[in-house]
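Student: got a predicted model here, sequence first, then my questions.
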Amino acid sequence: MPEVSMPRLSDTMQEGTITRWLKKTGDQVKKGDIIAEVETDKANMEIEAYNAGILEQILVHEGEVAAIGQAIAIIGTGQSVQKSAQPATKSAPAAQLATANSAARATTSQPAVQVPAPISDNGTRIKVSPLARRIAEEHGIDLRLVQGSGPSGRIIRDDLEDYLEKRHAAPAVAQPVAAPLPVTPVAPAAPAPVEAVPADVDVVALTTMQKTVARRLTESKQTVPHFYISNEVDMTDLLTLRPTLNAASEGDVKISVNDLVIKACALALEKFPEVNSSYKDGQFLRHKHINIGCAVDIPNGLVVPVIRDVNLKGVRTIARETKALAEKAKAGRLTVADLSGGTFSISNLGMMDVSSFVAVINPPEAAILAVAAIRKTFVPVDGQPVIRDIMPLTLSADHRILYGAMVARFLQEVKRLLQNPYALLG
Amino acid sequence: MAEVTFRQALHDTLREELLRDENVFLMGEEIGVFEGSYKITAGLLKEFGSKRIVDTPISENGFVGLAAGAAMLGLRPVVEIMTINFIILAMDEIVNHAAKIYYMFGGQTPVPMVIRTPGGGGQQLSATHSQNLEVWFAHVPGLKVMAPATPHDAKGMLRTAIRDNNPVLFLENLALYNTKGEVADGDYTIPFGKAKVMKEGNDLTIVSYSRMATVALDVARRIERESGLSIEVVDLRSLRPLDKETIVNSVKKTNRAIVFEEDWRTYGIGAEIAALIQEDAFDYLDAPIKRVASVEVPLPYAKPLEIAALTSTKQLIDVINEIAPRRRRR
């Protein structure tokens, strides 16, 4: 009886949230039919059926999370559709592990989402390494409560140690949950492990995308030695040039300051290829393409769609592409391709009147540029105060492969290009 | 302690054994007048004469059989097969005679002979001259198979091999001859069936032998410096008998194992080690046992293809990254 399992839809994906089932239990399914939509760490994707038959059972329901490889549905001949109302709990050898999904689903107070329990046709089974199984027995851990991080969601020792640490920490410290935004519940994706939560706190489950942001940025700050270099750019000439450019465009997309900053970075990266690289396993990977990601603010999160080969594109093309990507981002329609392959990122908070900030590097990239608001500022020109449009920039760089002087020269080049904006039109 | 090359360690040991026991003699192609294809026997003909240092015709089947007969009658031949690739001609003498005589004659006739032979690829010697055939011999009861990785071990193990009363295959590796290492003074020996923990670690075990053990040690040290991953490296040293205890104890400690071998993967040494680990340490395993071995093709001559076919640091590092635990042990 073929299982439909959670496919790997991107390089960094570890799990996916089922956002919608397009087929119901009992529906006829043809090979290639779209049966469900899934939210991954990067984008919303569709899952298609690889087998024809009757959708006999939905194992992971809307709003629930499944690890890669975990069975999410069963497509069969239709004979066991009726039985599926009462999930089979046939006795498997390891009785305590046997009834993961069905038992967890029975406790309706907690949605059974974190249980990585691929279902075989003669019962249910949790994947667990021999060592982890032994540790769980020794400590009396219910494996249904543990999230597996090994291949295909296998529970390994690391997972049990994480779990034990949490279990020890939970009763002692009733720490306030760090919920940065008091938002109403988004998805019923609360993790199963029981932890005491004070009554005056609303628990908001993170979406898959938010979890990814949390995981990747923690990883970045913990493993990438950041250093920061700032300077200020006189944007007066560029601001004079921009209306002229846009006046000539006659209804085409308007070129924004940010588009010109992207172009300046691309040209500077061409000149300083070190900055357009990654650190990996003791090696320096220099990327041959200059693909720049731009952080886009979306409800409850952040995405960084990528514009490819920016150095080879004119500013108007860049403007068109950034606009299209931002619209796709807001509509939640970005694809994995839109979000991968970046070699450098830009985060621009200028429109929010930010005086200066530093950004967290987006791994495996080696640098990110934080762009603050342009302000009218008195600067001395020939000993006299003159009002100019000044924009502060701060570059965060990975000190494993980049060094102060080199990055300073790169930033100087960005500045030079922005202060000579005609250079951006070549 | 003195630092010597692997080649020098072998040479010195042969010379010392020739001096120690007059029943010891050497035999092989080009070992006398030409002083050995790899110069292990340099100077020995001059010192010991042609009765003790015997140049043979190109006739592996003949002179290995001759050695077995001489050993049965009380001499202690040490045969050099120019490379392991030529040993195939002598398989009948080794497997059907030398390995079985002691057993079939009820223990009346020991066969105290050693066959030394280098193997390994990477020298652009192409498909028929670059093989690792150790598993053929490690499979046969009645043979002992040694494969040292360092000059120190080579010396202690060759002494043990020459002084043992039954046939020993002593496997060398072409790429190790020029490597250097500290060698202890004195007449020490290293017993059969004793692996060595080259480097202790807590997160993962690499089991290897011969040249790949030295490569594994380099990789383990480098990764530990770079990422803090603590890797234990076990050098088998002896492929038959096998030191099960050291392997199993290491995996019980680290819970993860990689076997790193220059031979072909299928039916290789790694297959045996993996089977042993799952039999004796199943409940300690936290990840599948991995084998890192060479691509299953006759080794190409062209340098880029030869590099692509032989397993190396890159393949090892990829697999380490694949199975390394997230959390570090103390």
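Tutor: The structure has been received and is ready for your questions.
Student: so which strand or helix has the residue of the stretch 51-200 of chain A found nearest chain B?
Tutor: Proximity of the stretch 51-200 of chain A to chain B (CB to the nearest CB) peaks at A:Leu131, 4.2 Å away. Every residue, glycine included, has its C-beta placed from N, CA and C. Assigned by DSSP states H and E, A:Leu131 falls within helix A:130-139.
Student: what distance separates that helix from the centre of its chain?
Tutor: How far helix A:130-139 lies from its chain's middle: 33 Å, per CA atoms, centre = their mean, to the nearest Å.
Student: buried set for the helix or strand just after that helix?
Tutor: Counting by DSSP H and E, the element after helix A:130-139 in chain order, helix or strand, is helix A:157-172. Of all the residues in helix A:157-172, those buried under the rule 16 or more other CB atoms under 10 Å in any protein chain shown are A:Arg157, A:Asp158, A:Asp159, A:Leu160, A:Glu161, A:Asp162, A:Tyr163.
Student: show me which of those residues neighbour chain B.
Tutor: A:Arg157, A:Asp158, A:Glu161, A:Asp162 (CB under 8 Å from any CB of the partner chain).
Student: for the last one, what are its contacts?
Tutor: Just to be clear, that refers to A:Asp162. Going by CB atoms under 8 Å, 6 or more residues apart in numbering or on different chains, A:Asp162 touches B:Arg327.
Student: give me phi/psi at A:Leu369?
Tutor: phi -110, psi 130 (degrees, to the nearest 10).
Student: contact residues of chain B facing chain A?
Tutor: So chain B meets chain A at B:222, B:226, B:255, B:282-287, B:317, B:321, B:325-327 (CB under 8 Å from any CB).
Student: give the PyMOL command for selecting the buried subset of the residues you listed.
Tutor: Those of these that count as buried under 16+ other CB under 10 Å are selected in PyMOL with:
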select buried, chain B and resi 255+284+285+286+287+317+325
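Student: in strands only, show me the residues of chain B next to chain A.
Tutor: The strands in this structure, assigned by DSSP state E, contain none of those.
Student: let me see the domain layout of chain B.
Tutor: B:2-183, B:196-323 (automatic domain parsing).
Student: shouldn't A:Leu260 be in contact with A:Val315?
Tutor: Yes - applying CB atoms under 8 Å, one finds A:Leu260 in contact with A:Val315, separated by 6.2 Å.
Student: settle it for me: which of those two has more neighbours?
Tutor: A:Leu260 (24 against 21; other CB atoms under 10 Å in any protein chain shown).
Student: against chain B, how distant is that one?
Tutor: 40 Å (CB to the nearest CB, to the nearest Å).
Student: nearest spatial neighbour of that residue, skipping sequence neighbours?
Tutor: A:Leu424 (5.6 Å; CB to CB, 6 or more residues apart in numbering or on different chains).
Student: for A:Gly350, same thing?
Tutor: Per CB to CB, 6+ apart, closest to A:Gly350 is A:Ala373, 4.4 Å.
Student: let me see the backbone angles for that neighbour.
Tutor: phi -70, psi 150.
Student: the one 4 residues further on now?
Tutor: Reported as degrees, to the nearest 10, the phi and psi values for A:Thr377 are phi -140, psi 140.
Student: which SS class is the closest residue to it other than its chain neighbours?
Tutor: What sits nearest to A:Thr377 in space, not counting adjacent residues and going by CB to CB, 6+ apart, is A:Ile390, at 4.2 Å. Assigned with DSSP: H, G, I helix; E, B strand; the rest coil, A:Ile390 falls in the strand class.
Student: show the end-to-end separation of stretch B:204-217, please.
Tutor: End-to-end span of stretch B:204-217 (CA to CA, to the nearest Å): 13 Å.
Student: what strand or helix carries the closest residue to A:Asn276 other than its chain neighbours?
Tutor: The shortest distance from A:Asn276 to any non-neighbouring residue, by CB to CB, 6+ apart, is to A:Leu269 (4.4 Å). Assigned by DSSP H and E, A:Leu269 belongs to helix A:257-271.
Student: just give me how far that helix sits from the chain centre.
Tutor: Worked out by CA atoms, centre = their mean, helix A:257-271 lies 24 Å from the chain centre.
Student: list the buried residues in it.
Tutor: A:257-269.
Student: next one: stretch B:124-140
Tutor: B:Leu125, B:His129, B:Ser130, B:Gln131, B:Asn132, B:Leu133, B:Glu134, B:Val135, B:Trp136, B:Phe137, B:Ala138, B:Val140.
Student: give me the contact list for it.
Tutor: Under CB under 8 Å, 6+ apart, the answer for stretch B:124-140 is B:83-85, B:87-88, B:91, B:94-95, B:99, B:119-123, B:143, B:145, B:147, B:169, B:171, B:210, B:239-240, B:242, B:261-264, B:267-269, B:272, B:294, B:298-301, B:303, B:306.
Student: again, but for stretch A:38-52
Tutor: Contacts for stretch A:38-52 (CB under 8 Å, 6+ apart): A:2, A:4, A:6-7, A:9-10, A:12-14, A:16-19, A:29-37, A:72, A:75, A:207-209, A:211-212, A:303, A:332-336, A:338-340.
Student: show me those residues that map onto strands.
Tutor: Under the assignment DSSP E, the contacts of stretch A:38-52 contribute A:4, A:16-19, A:29, A:34-37, A:72, A:75, A:303 to strands.
Student: of those residues, which is the most crowded?
Tutor: A:Gly16 leads the ones in strands among the contacts of stretch A:38-52 on contacts (other CB under 10 Å) with 29 neighbours.
Student: got a pLDDT number for that residue?
Tutor: Here the pLDDT value assigned to A:Gly16 is 86.
Student: which ones are touching it?
Tutor: A:Met6, A:Leu9, A:Val38, A:Glu39, A:Thr40, A:Met45, A:Val65, A:Ala66, A:Ile68, A:Thr208 are the contacts of A:Gly16 under CB under 8 Å, 6+ apart.
Student: which residues does whichever residue of the stretch 151-300 of chain B sits closest to chain A contact?
Tutor: Per CB to the nearest CB, B:Asp286 is where the stretch 151-300 of chain B lies closest to chain A, at 4.2 Å. Going by CB under 8 Å, 6+ apart, B:Asp286 touches A:Ser129, A:Pro130, A:Leu131, A:Ala132, A:Ile156, A:Arg157, B:Asn255, B:Arg256, B:Pro325.
Student: which residues touch B:Thr313?
Tutor: Taking CB under 8 Å, 6+ apart, we find B:Thr313 in contact with B:Val215, B:Asp218, B:Val219.
Student: if you tally nearby residues, what's the number for the second one?
Tutor: Spelled out, it's B:Asp218. Using other CB under 10 Å, B:Asp218 has 12 other residues around it.
Student: in three-state terms, label it for me.
Tutor: Under three-state DSSP, B:Asp218 comes out as helix.
Student: not counting sequence-adjacent ones, nearest residue to it?
Tutor: Nearest one to B:Asp218, counting by CB to CB, 6+ apart, is B:Thr313 at 7.3 Å.
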